[in-house]
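Novice: Here is the input, now give the coordinates:
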Amino acid sequence: MFQNRNDISIVLSGEAGQGLQTLEQLMLRVFKKAGYYVFSYSEFMSRIRGGNNSTQIRVSSHRVRSYTDRIDIFVPMNEEATIRFHERITPETVIIAEPAMVDPQYLEGNFTVLDVAFGDLGREAGGKIYLNSVMLGLFAGIFGVDIHLVENVLRDEFHTKEESVVANNFRAADLGQTLGWQLLENNLEHFAIEKTDDVKEELLMNGVDAVGLGGLAGGCNFVSSYPMSPSTGVLVFFARHAKDFGVVVEQAEDEICAINMCLGSWYAGGKAMVTTSGGGFALMSEGLSLAGCTETPIVIHIGQRPGPATGLPTRTEQADLEIALYAGHGEFPRIILAPGSITDAFILTKRAFDLADTYQVPVIILSDQYFLETNMVLPALEIRELDEKHRIVKTKDDYQRYAITRNGVSPRGIPGYGTGIVCVDSDEHDEGGYITEDPAMRNAMVEKRLRKRKGILKDALPPKLIGAQEYECILVGWGSTFNVISEAVEQIGREDIALLHFSQVYPLHGDTAGLINKAEKKIIIENNATGQLAKLIKLETGIDFDHKILKYSGMQFSLEEVVERVRELV
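Specialist: Numbering: from 1, shown residues only. Alright, predicted model coming up:
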């Protein structure tokens with residue numbers, strides 16, 4: 001069935017409230033500890049119960065990092081699952097399910113359906129609540145994972161529960177493992193994936209963890225936000241670790257309050273971040289302009305989801321680049337980062353705090369729902385020390401908050417640190433921070449703020465070139481498309497195709513035009529309907545792309561989809 005397969009895609013599908021996310025996390029931990037590389041992504045409907053949610057888990061002998069359409073093992077946990085996934089189920093898919101969960105009218109052809117009475121096994125173990133442990137044991141049996149490893153993971157998960165609950169979970173996993181052995185012996189005889197000890201010591205992380213850890217490494221000590229999916233996980237991360245790292249976390253009454261509180265934190269000497277989604281960021285536009293006028297640093301994390309308005313609250317898209325570029329009134333510099341990998345998210349979030357502090361400008365981190373919800377293993381992150389330093393001066397009596405300088409960056413003081421007065425105002429102001437309507441001073445202040453661009457451009461991150469160094473075709477992507485495009489380039493395997501990925505989308509690095517123009521064929525891949533990065537590149541460089549591969553259904557690109565679309569064009 002799975003002869004010579006070193007990468008198995010498992011899809012579990014059921015309704016909200018069945019514990020799919022818990023099962024996903026348990027399986028990931030078990031597989032990793034057993035020596036397998038793993039990747040997972042959950043997608044879910046915008047409801048508390050019901051509907052149909054799913055999670056895909058890839059288990060492999062090598063590093064895997066992107067979503068795939070292929071389903072090798074499918075476990076439908078409610079009646080809607082088969083209906084929803086029938087287009088992705090093929091005769092090569094093994095379906096493991098209770099008979100009532102499979103609708104045969106949606107399965108045309110010779111399908112392998114292994115009838116398993118999950119509910120009966122769960123009840124035998126002590127009740128329906130142990131169903132997830134049955135499934136965990138089932139896959140442990142299929143993949144040849146030691147049951148003691150499974151029990152250790154279950155004990156960690158349920159260590160606060162009564163011993164009888166832990167014992168019932170052990171029993172459920174044991175029953176599942178026995179069933180898994182039977183399935184392996186009778187139906188999956190060719191199933192085998194090579195294990196490696198290397199992965200056991202690696203980190204299992206998602207985008208939320210990486211953004212949060214990057215913030216901590218950057219010295220973040222204040223977070224104020226109003227919950228809005230998919231950014232809520234970042235707020236929860238900081239709340240969970242606030243006590244350990246000395247972070248003040250405030251759930252504000254709205255987004256306007258949230259950004260203004262963060263500006264107040266920086267003004268007083270803190271290092272603050274606000275996390276939100278596109279709709280919440282729209283409410284922050286005036287606060288963004290306030291940061292621009294007062295030259296107050298701030299880090300803003302945006303977890304993109306499809307709009308307009310409420311749009312698709314739990315789906316993904318890359319359609320907020322333009323609002324990040326143009327939000328706010330007036331003209332002032334900003335920096336926009338868009339991590340492509342989990343490691344990137346850690347490094348760039350840490351960097352965002354340094355850039356904001358250095359240039360006294362807003363730094364926006366653009367992620368998206370897919371990126372934040374993706375789990376994978378990666379080598380250890382380098383955390384040499386927490387970046388707790390500040391570029392704050394001790395003021396003197398003659399201190400001027402907006403002293404005109406050659407690079408546009410004025411010495412930043414804070415109230416109470418020194419003898420000077422730190423005067424900050426949202427109206428146009430003179431060097432001392434006092435309101436002015438003098439035309440010459442207005443010109444001087446606008447030009448001073450914009451002079452920061454020279455230093456910002458000097459520090460801009462170049463795009464990453466992946467694949468052939470001498471290429472005829474260039475695939476351009478940004479943000480969360482990095483993993484799927486890079487894996488697609490590997491799978492296509494042509495020496496004339498390369499990926500150019502942007503993890504800083506504004507301002508663009510000076511090498512951008514040369515790297516793109518080197519290719520005879522230029523293709524850009526974006527999760528939006530209008531090609532927002534393509535438009536920015538044309539505006540900045542004059543370059544037109546030969547083809548745009550765009551997706552805006554609310555779903556992320558799959559590996560097969562990118563491979564097929566690129567092959568059609570080259």
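
Novice: Identify each buried residue in the host helix or strand of residue 322, please.
Specialist: Secondary-structure assignment from DSSP states H and E places residue 322 in helix 321-326. Neighbour-count burial for helix 321-326, counted by 16 or more other CB atoms under 10 Å, picks out 321, 323, 324, 325. In this view, the C-beta of every residue, glycine as well, is placed from N, C-alpha and C.

Novice: do stretch 471-480 as well
Specialist: The neighbour-count check on stretch 471-480 (16+ other CB under 10 Å) flags 471, 473, 474, 475, 476, 477, 478, 479, 480 as buried.

Novice: Kindly report the same for stretch 271-288.
Specialist: Buried positions in stretch 271-288, judged by neighbour count with 16+ other CB under 10 Å: 271-285, 287-288.

Novice: And the average pLDDT for it is what?
Specialist: Mean per-residue pLDDT for stretch 271-288: 97.

Novice: Stretch 335-345 now?
Specialist: Here the average pLDDT along stretch 335-345 is 97.

Novice: How many residues are close by the closest residue to residue 294 other than its chain neighbours?
Specialist: Here the nearest residue to residue 294 in space, its sequence neighbours aside, is residue 424; by CB to CB, 6 or more residues apart in numbering that works out to 5.0 Å. When neighbours are counted by other CB atoms under 10 Å, residue 424 registers 16.

Novice: which residues touch residue 424?
Specialist: When contacts are counted by CB atoms under 8 Å, 6 or more residues apart in numbering, residue 424 is found next to 267, 294, 296, 401, 433.

Novice: Quick check: of the residues you listed, which has the highest neighbour count?
Specialist: Ranking those using other CB under 10 Å puts residue 401 first, with 24 neighbours.

Novice: For that one, which residues are in contact?
Specialist: 410, 412, 413, 422, 423, 424, 431, 432, 433.

Novice: Looking at the residues you listed, which one is closest to residue 130?
Specialist: Proximity of these to residue 130 (CB to CB) peaks at residue 412, which lies at 57.3 Å.

Novice: Can you report phi and psi for the closest one?
Specialist: Backbone torsions for residue 412, taken as degrees, to the nearest 10, come to phi -100, psi 120.

Novice: picking that back up, reformat the buried residues of stretch 471-480 as TSV; add pLDDT.
Specialist: Converted to TSV, these look like this (pLDDT from 0 to 100):
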residue	pLDDT
471	96
473	98
474	98
475	98
476	98
477	98
478	98
479	97
480	97
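
Novice: how about TSV for those residues, with distance to residue 526 and secondary structure added?
Specialist: Formatted as TSV, the buried residues of stretch 471-480 follow (distance: CB to CB, whole Å; DSSP: H, G, I helix; E, B strand; the rest coil):
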residue	distance to residue 526	secondary structure
471	20	coil
473	17	strand
474	14	strand
475	11	strand
476	9	strand
477	7	strand
478	7	strand
479	9	helix
480	10	helix
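
Novice: and those residues as JSON lines, adding distance to residue 371?
Specialist: Formatted as JSON lines, the buried residues of stretch 471-480 follow (distance: CB to CB, whole Å):
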{"residue": "471", "distance to residue 371": "26"}
{"residue": "473", "distance to residue 371": "25"}
{"residue": "474", "distance to residue 371": "23"}
{"residue": "475", "distance to residue 371": "18"}
{"residue": "476", "distance to residue 371": "18"}
{"residue": "477", "distance to residue 371": "13"}
{"residue": "478", "distance to residue 371": "11"}
{"residue": "479", "distance to residue 371": "7"}
{"residue": "480", "distance to residue 371": "4"}
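
Novice: That'll do, ta.
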